[in-house]
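Peer 1: Turn this into a model:
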Amino acid sequence: MKKQRTTASTAPRVIRWAGAALAAVSFALVPAPASADIQSVQVATANFRAGPSKKHPILFSADRFYPVQIVERAKDWVRIRDFEGDEAWIAGWLLADTQTAVVTRNVINVRESPNTGATIVHTAERGAVFKLTKMKGSWVRVADEEGDIGWVHRNLLWGKLSDQATKAEAKPKAKPEAKPEAKPKAKSEAKPEAKPEAKPDQEAERKAPPKAEPQAKPKAKPAVKPAPKAKPSSKPADKRKSK
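Peer 2: You can find the predicted model right below:
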């Protein structure tokens, strides 16, 4: 949305823009500011007043991304100048360092890529504001509050367009490739110390002692049977008569 003026400030604006020639002269009086002096509205809508307090009347209001040039600071208030040369006061906390720009021509083309032969995505009228996302030569990639993206020639815009944006586009210098660290040479495996050959008698000692052969149990001798007693003769012994 464009800058909206209050009824009290309409008359001066009509006189200034009475004709196209006067409009061109008026715009020429506002040179492109240094990026360091530019801030933009960071709220949905901000009021710009005649003095540094809420008691002063509102001269105009502007939406998010509207860029202004800082002219003076007084505590929490800032005196600004916009792309049309209008000066007013605004509370400092309503501004931010976001990189933005405003359309300075009656109607401009927003293109798909950064060249005049590219497809036109949409058009924008004078006073429309954009957030700047990238610089490529004399072209600026812009995004509106709704998120629509396209490319616009920087000569059609006023705002934070100087070196800061250009530096953002500059390709970073390639860092020298870090040389891989030299891997330490693998230590040669220590050869096991040659053990002195054992002498035969030592080897015999080292060998496991032979298992003792089990001693044969003596066979039990057969028991000697006692000689059979002589059986008495069945015949009676001859009795001798004593004399």
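
Peer 1: going forward, measure contacts and count neighbours with C-alpha atoms only.
Peer 2: Noted.

Peer 1: Okay, helices next: where are they in the protein?
Peer 2: 10-16, 20-28, 163-169, 200-206 (DSSP state H).

Peer 1: any idea which of those helices scores lowest on pLDDT?
Peer 2: When those are compared by mean pLDDT, helix 10-16 comes last with a mean of 32.

Peer 1: What about the residue nearest to residue 76 when sequence neighbours are not counted, how many residues nearby?
Peer 2: Distance criterion C-alpha to C-alpha, 6 or more residues apart in numbering; nearest residue to residue 76, sequence neighbours excluded, is residue 92 at 5.5 Å. Each residue near residue 92 was counted by other C-alpha atoms under 10 Å, and the total is 17.

Peer 1: same thing with residue 71?
Peer 2: Applying other C-alpha under 10 Å, we find 14 residues neighbouring residue 71.

Peer 1: wait, it sits on residue 79?
Peer 2: Yes. If you go by C-alpha atoms under 8 Å, residue 71 and residue 79 touch, sitting 5.5 Å apart.

Peer 1: Report the beta-bridge partners for residue 123.
Peer 2: Counting by DSSP bridges, residue 123 is bridged to residue 109.

Peer 1: Distance-wise, check it relative to residue 61.
Peer 2: Residue 123 sits 23 Å away from residue 61, going by C-alpha to C-alpha, to the nearest Å.

Peer 1: who's more crowded, those two?
Peer 2: residue 61 (17 against 12).

Peer 1: Any regions of this protein where pLDDT drops low?
Peer 2: Counting by pLDDT under 70, the chain shows low-confidence ranges at 1-2, 6-36, 162-243.

Peer 1: Tell me how far the residue nearest to residue 76 lies from residue 84.
Peer 2: Counting by C-alpha to C-alpha, the separation of residue 92 from residue 84 is 20 Å.

Peer 1: swap in residue 110?
Peer 2: Remark: distance between residue 110 and residue 84 (C-alpha to C-alpha) = 22 Å.

Peer 1: So for these two, which sits in the more crowded spot?
Peer 2: Each of residue 110 and residue 84 has its neighbours counted (other C-alpha under 10 Å); residue 110 has more, 25 against 18.

Peer 1: Spit out the contact partners of that one.
Peer 2: Taking C-alpha atoms under 8 Å, 6 or more residues apart in numbering, we find residue 110 in contact with 120, 121, 122, 123, 124, 150, 151, 152.

Peer 1: same deal with residue 76?
Peer 2: Going by C-alpha under 8 Å, 6+ apart, residue 76 touches 91, 92, 93.

Peer 1: Then residue 143?
Peer 2: Residue 143 neighbours (C-alpha under 8 Å, 6+ apart): 130, 131, 132, 133, 149, 150.

Peer 1: Quick one: neighbours of residue 153, just the number.
Peer 2: Residue 153: 20 surrounding residues under other C-alpha under 10 Å.

Peer 1: Residue 102 versus the spatially closest residue to it that is not a sequence neighbour, what's the distance?
Peer 2: Distance criterion C-alpha to C-alpha, 6+ apart; nearest residue to residue 153, sequence neighbours excluded, is residue 139 at 4.5 Å. The gap separating residue 139 from residue 102 is 14 Å, by C-alpha to C-alpha.

Peer 1: Of those two, give the one with the bigger neighbour count.
Peer 2: residue 102 (25 against 17).

Peer 1: Next, find the distance separating the closest residue to the more buried one other than its chain neighbours from residue 71.
Peer 2: In space, and not counting its chain neighbours, residue 102 is closest to residue 129: 4.3 Å by C-alpha to C-alpha, 6+ apart. Relative to residue 71, residue 129 is positioned 21 Å away (C-alpha to C-alpha).
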